[in-house]
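Undergrad: I'll drop the sequence and a predicted model, then ask my questions.
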Amino acid sequence: MSIFGRKNDTAAPETAVATASPVNPELAALTGDYTIDASHTTLGFVARHAMVTNVKGSFLDFSGSLHLDGTDPSRSTASLDVTMDSIDTGNADRDGHLKSADFFKTDEFPTMTFRSTSAEALGGDDYRITGDLSILGTTKPLTIDLEFNGAAKDPFGNERVGFEGKAEILRSEWGLTWNAALETGGVLVSDKIKLRFDISAIRNAE
């Protein structure tokens with residue numbers, strides 16, 4: 001089932017269009033405003049370290065909202081605010097370095113934001129959302145590929161939707177340029193960063 005709209009089927013003959021059934025009411029019923037549930041959502045990233053291994057991390061403090069349109073994906077939106085001081089890579093010393101002036105300068109730039117500018121259905125349960133990502137006072141476009149995982153009502157009566165997403169950025173484009181050369185060649189931290197999202201959102205009460 002697709003959340004934002006109908007699948008991209010091959011165009012039907014003209015006679016079929018004239019008798020087409022209305023928009024699936026099950027999809028239309030998902031239209032509305034949602035709040036991201038931070039306790040069941042992961043905002044993660046992966047960076048290559050010393051050219052040989054991956055370091056994974058996430059942000060623990062954030063808030064966000066979604067507006068989903070079950071009939072027209074282009075009217076769907078997303079907004080996210082992330083507290084940079086909540087970065088967690090499983091190592092206190094490394095986290096401290098990431099918060100410092102070498103990287104995120106969290107004292108000066110405490111928040112990272114994302115504001116969507118467009119959304120589209122790619123077919124099936126696959127979608128793409130594009131928006132403005134702001135880090136260190138620099139704003140650049142970011143495109144995220146999303147897969148809709150489904151909708152359900154939890155035991156507490158909350159109406160939930162879920163998505164998995166992925167994207168890649170070059171951190172240098174946002175001014176994150178610190179690095180160290182390796183004796184064997186290469187650098188300590190990759191420029192390319194993989195972003196991973198596992199999102200659960202609860203429908204707002206009307």
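TA: Looks like it arrived, so ask away.

Undergrad: Centre of the chain to the longest helix along the chain, how far?
TA: In the chain, with assignment by DSSP state H, the single longest helix is helix 92-99. Distance of helix 92-99 from its chain centroid, counting by CA atoms, centre = their mean, to the nearest Å, is 23 Å.

Undergrad: With stretch 104-119 instead?
TA: Per CA atoms, centre = their mean, the centroid offset for stretch 104-119 relative to its chain is 12 Å.

Undergrad: Stretch 152-161 too?
TA: Put simply, stretch 152-161 sits 21 Å off its chain's centre (CA atoms, centre = their mean).

Undergrad: Next, the buried residues of it.
TA: The neighbour-count check on stretch 152-161 (16 or more other CB atoms under 10 Å) flags 159-161 as buried. (C-beta placed from N, C-alpha, C; glycine too.)

Undergrad: Can you tell me which of those residues is closest to L182?
TA: Nearest to L182 among those: V161, at 43.8 Å, using CB to CB.

Undergrad: CA atoms of the very next helix or strand once past the longest helix of the chain as CSV?
TA: Heading C-terminal from helix 92-99, the first helix or strand you meet, by DSSP states H and E, is strand 111-123. The C-alpha trace of strand 111-123 is given here as CSV (Å, rounded to 0.1, in the frame of the first residue of the first chain):
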residue,chain,number,x,y,z
THR,A,111,20.7,23.1,15.8
MET,A,112,20.6,21.4,12.4
THR,A,113,17.4,21.8,10.5
PHE,A,114,15.6,20.2,7.5
ARG,A,115,12.7,21.8,5.6
SER,A,116,11.2,20.0,2.7
THR,A,117,10.6,21.8,-0.6
SER,A,118,9.1,19.0,-2.8
ALA,A,119,8.0,15.4,-2.6
GLU,A,120,7.1,12.8,-5.2
ALA,A,121,6.0,9.2,-5.6
LEU,A,122,8.4,6.9,-7.4
GLY,A,123,6.1,3.9,-7.6
